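1. The following comprises the amino acid sequence and a computationally predicted model.
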2 protein chains.
Amino acid sequence: MDRNVVNPGQMKSRKFNNLGLIKLAQAWDLLQEVCKAVQEWFPMSDKIFVSAEEVARKAGVSRSAVSRAFTAGASIAPETRRKVMEAAEALGYHVNHLARGLMRNESGIVCLVVSDLGTPYRSALIKALTQQLQNAGKIAMIVNTDRSDERVDMALRQAIRYRADASIVLSGMPDKSLVDLCVRNGQRLVLINRDDEHQGPLRINLDEEGTAQSVVTAFLRAGCRRLAFANSEAGTPSLMAREVGFVAAAREQGLDVTVERFGPTGYESGKVLAQRLMTRRERPDAVFCVTDLVALGFMDAARHQFSLSIPQDLCVVGFDDIPQAAWNSYDLTTFAQPIDEIATAAVAWLMSDDVGQSQSLRLNAPFVWRRSVRSA
Amino acid sequence: MDRNVVNPGQMKSRKFNNLGLIKLAQAWDLLQEVCKAVQEWFPMSDKIFVSAEEVARKAGVSRSAVSRAFTAGASIAPETRRKVMEAAEALGYHVNHLARGLMRNESGIVCLVVSDLGTPYRSALIKALTQQLQNAGKIAMIVNTDRSDERVDMALRQAIRYRADASIVLSGMPDKSLVDLCVRNGQRLVLINRDDEHQGPLRINLDEEGTAQSVVTAFLRAGCRRLAFANSEAGTPSLMAREVGFVAAAREQGLDVTVERFGPTGYESGKVLAQRLMTRRERPDAVFCVTDLVALGFMDAARHQFSLSIPQDLCVVGFDDIPQAAWNSYDLTTFAQPIDEIATAAVAWLMSDDVGQSQSLRLNAPFVWRRSVRSA
DNA sequence: CGCAGTAATGCAAGCGCGTGCAAGGTGTCA
DNA sequence: TGACACCTTGCACGCGCTTGCATTACTGCG
């Protein structure tokens, strides 16, 4: 440190205790004061938000009155509230939700944990959730967990840091210990389509029992006999359940299923899967794709690389009912994710008072019949 | 209120001041105490987050030491930090970002204002932004402004309430007064593809000067002469700029453009626009669609309802380069939104220190040449 | 007029954290 | 050994808000 600079502490020490330095110390204090005043008059830079204090002054009421004016159901005279609101409007005052959250122990934030956010299904779900949350007076904070799975844990940690009222996990599987931590902290947790055996949170899953059955039936009616299942290598429980269910249902009808797995769950994987399945000696005449995106890639490859007609040469079924499945070029038969129901159920549970024990919800994914499967 | 119930205030009043009631009051106090203790021992319900206080006790240090342990660059001995971290881990402590934000006047939250979140382009942008923000140590809060335009203002108000460090507006146009309010509050503001004349914020737009020129040139080389522009009725400045630019560029070549506008900016609108344009007496042989989604709808209608071949009978160009544009069924020639650049630029500006004056950024949207336009 | 009940209001404590300041500890040099 | 610089640490205050409690004002009733 520069030897010429003295700090006030030194000034007040006995060593320096003579008249000249006392005056210097006084000057220092004065300087500080001036600086502070200047800073107050000319905000000059950062974040000068107006506080309830100032609104109170302007409205001629106490600070608590301001607080009550912005609290639904508080005991305050209409006239007072009006005055406060007027002053607030004039000053551009907005309640500081950070401070409010600190006091109330309820931030109003709900954390959405999601990967592959660019995907049609995911983004549709996010859209529905954000809307429902806003309707319920909450706000969505979103944590992108693309890449490593360990990020889900980081995401939940973020949720805890911001004292989120709840977290909704759309992707990946959080570690059990972290789930416990969330629950212990009174944070509500919703797991969508990740059928883990976690305790405490709400689990929303699709009822995929009937699904496989429906597909097999549809394929049989269409006269198909060489069944295939196009899966990704993601290995998510819900994705695997579709495969297992389909294979089982087919076997019940005495049919084998050719299963192929490749890459992530997307359009490109669908194309690769088609290349693999369609170059087999026994070329399938019906394929159930784990996802609409996979199905669309599959269809494109089948048509443009193998010159197959759908559904004449090949029947295809997908899963999710993303908007693209309904496009004329595809007209894909599929199962509809009940997106709105999922969002509604999740938000309803978050807002409900019965501080839930572990609860599991199974929703139906209705069969959407289009033209990628020959009709009977 | 039940007349049998007395509250402590009444008990202490002179009227009740006799021995029996004094004892009763004491009992009441004791009861309160017991209740508090019980509640402390058996959390029983809500939000019992562990605080720095408890970590400090467990680690045998002061609370400030805990605070410093979690503050980068603070003056703390490695050994002390280790002890703190250990205790924190054991207790499941996480810094309360609400309180930290309150102190530091910097919440770490960035507010994303967006509508049509389910759309491929929008969701891709959100994905890129959330990722970049996380890399920069921020977290994204997302406000869905579907429906009314007035919601954008509500969104910015939310941003202010949560003392967001910044807001990024992807949809709609905020009211000038609100923008001022944000700026006045030191909140940074990024407007993406909404070329308003706002002061203060960063504006990111595409350089669409050359765009129209390229399309016209491409169409002319392909031998097209009957040009059309398929627009939505959204009327966003950037969308209108494309229309105006295209019409002007065509006129420069001595060609008229048939302009049709319909509905929102989506696939379905594209189909309707095709129906309208393709039933005209002078059927266009080239169409520039304001958006990829519109283009894809247009292509599907042209093919399946009018049995046209693309690009033989009709050349199509879109805008955005959403993933679906690259799908085999479409192979759409289009302009690529520089999504990553947009996100990078936005986040970089947010994080930069030079508390910016108004700044405007123009990015290039490279032409992506595919097969929906005949080559020369 | 006195009394009680109710509505409105201010006071002050405290939510969990960061940080300036002063005190304590350690090492270095004369 | 003392002077000095430097690194750590604890104390205490305040960020902006909510809320329990006590006080005051007001109303209706006997």
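-> All right, it came through fine. Numbers count the residues shown, from 1 in each chain, chains lettered A, B, ... in the order given.
2. and chain A, which residues reach DNA strand C?
-> A:7-9, A:12, A:61-65, A:68, A:75-80, A:99, A:102-103, A:105 (Cβ under 7 Å from any atom of the strand). Where you see a C-beta, it was placed from the backbone N, CA and C, and this is true even at glycine.
3. For the buried ones among those, write the corresponding ChimeraX selection.
-> Buried members of those, defined by 16 or more other Cβ atoms under 10 Å in any protein chain shown, are picked up in ChimeraX with:
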select /A:61,65,68,76,80,99,102
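4. Report pLDDT for the residue in the stretch 51-200 of chain A that DNA strand C sits nearest to.
-> Using Cβ to the nearest atom of the strand, the single residue of the stretch 51-200 of chain A nearest to DNA strand C is A:S62, 3.0 Å away. The model reports A:S62 with a pLDDT of 91.
5. do the one 3 residues further on as well
-> If you check A:A65, the pLDDT there is 93.
6. Quick check: which element contains it?
-> helix A:63-69 (DSSP states H and E).
7. That helix near DNA strand D at all?
-> Yes - Helix A:63-69 reaches DNA strand D (Cβ under 7 Å from any atom of the strand) through A:R63, A:S64, A:V66, A:S67, A:R68.
8. List the buried residues in stretch A:230-243.
-> Buried, per 16+ other Cβ under 10 Å, within stretch A:230-243: A:A230, A:N231, A:S232, A:A234, A:T236, A:S238, A:L239, A:A241, A:R242, A:E243.
9. What of stretch A:163-176?
-> Buried residues in stretch A:163-176 (16+ other Cβ under 10 Å): A:R163, A:A164, A:D165, A:A166, A:S167, A:I168, A:V169, A:L170, A:S171, A:G172, A:M173, A:P174.
10. now swap in stretch A:276-295 and tell me
-> Of the residues in stretch A:276-295, A:276-278, A:284-295 count as buried by neighbour count, 16+ other Cβ under 10 Å.
11. can you tell me which of these lies nearest to B:G318?
-> Taking Cβ to Cβ as the measure, A:L293 is the one of these closest to B:G318, at 19.9 Å.
12. Is it correct that that closest one falls within a helix?
-> Yes - using DSSP: H, G, I helix; E, B strand; the rest coil, the secondary structure at A:L293 is a helix.
13. quick one: it from A:M240, how far?
-> According to Cβ to Cβ, to the nearest Å, A:L293 and A:M240 sit 17 Å apart.
14. is chain B contacted by the helix or strand encompassing A:R81?
-> Element membership of A:R81 [criterion: DSSP H and E] is helix A:78-91. No - on the criterion Cβ under 8 Å from any Cβ of the partner chain, helix A:78-91 is out of touch with chain B, staying 10.3 Å away.
15. do that helix and DNA strand D meet?
-> No - against DNA strand D, helix A:78-91 shows no contacts by Cβ under 7 Å from any atom of the strand, the least distance being 9.4 Å.
16. So for that helix, what gets flagged as buried?
-> A:T80, A:R81, A:K83, A:V84, A:M85, A:A87, A:A88.
17. Pick out whichever of those sits closest to chain B.
-> Closest approach between the buried residues of helix A:78-91 and chain B, by Cβ to the nearest Cβ: A:A88, at 11.8 Å.
18. Tell me which residues touch the closest residue to the closest one other than its chain neighbours, please.
-> In space, and not counting its chain neighbours, A:A88 is closest to A:V55: 5.0 Å by Cβ to Cβ, 6 or more residues apart in numbering or on different chains. By Cβ atoms under 8 Å, 6 or more residues apart in numbering or on different chains, the contact set of A:V55 is A:V66, A:V84, A:A87, A:A88, A:L91, A:Y93.
19. for A:D195, same thing?
-> Contacts of A:D195 by Cβ under 8 Å, 6+ apart are A:R203, A:N205, A:P237, A:S238, A:A241.
20. Return the distance of the residue of the stretch 151-300 of chain A found nearest DNA strand D relative to B:R161.
-> For the stretch 151-300 of chain A, the residue closest to DNA strand D is A:R163, as judged by Cβ to the nearest atom of the strand, at 12.7 Å. A:R163 sits 15 Å away from B:R161, going by Cβ to Cβ.
21. Likewise for A:A56?
-> Taking Cβ to Cβ, one finds A:A56 at 18 Å from B:R161.
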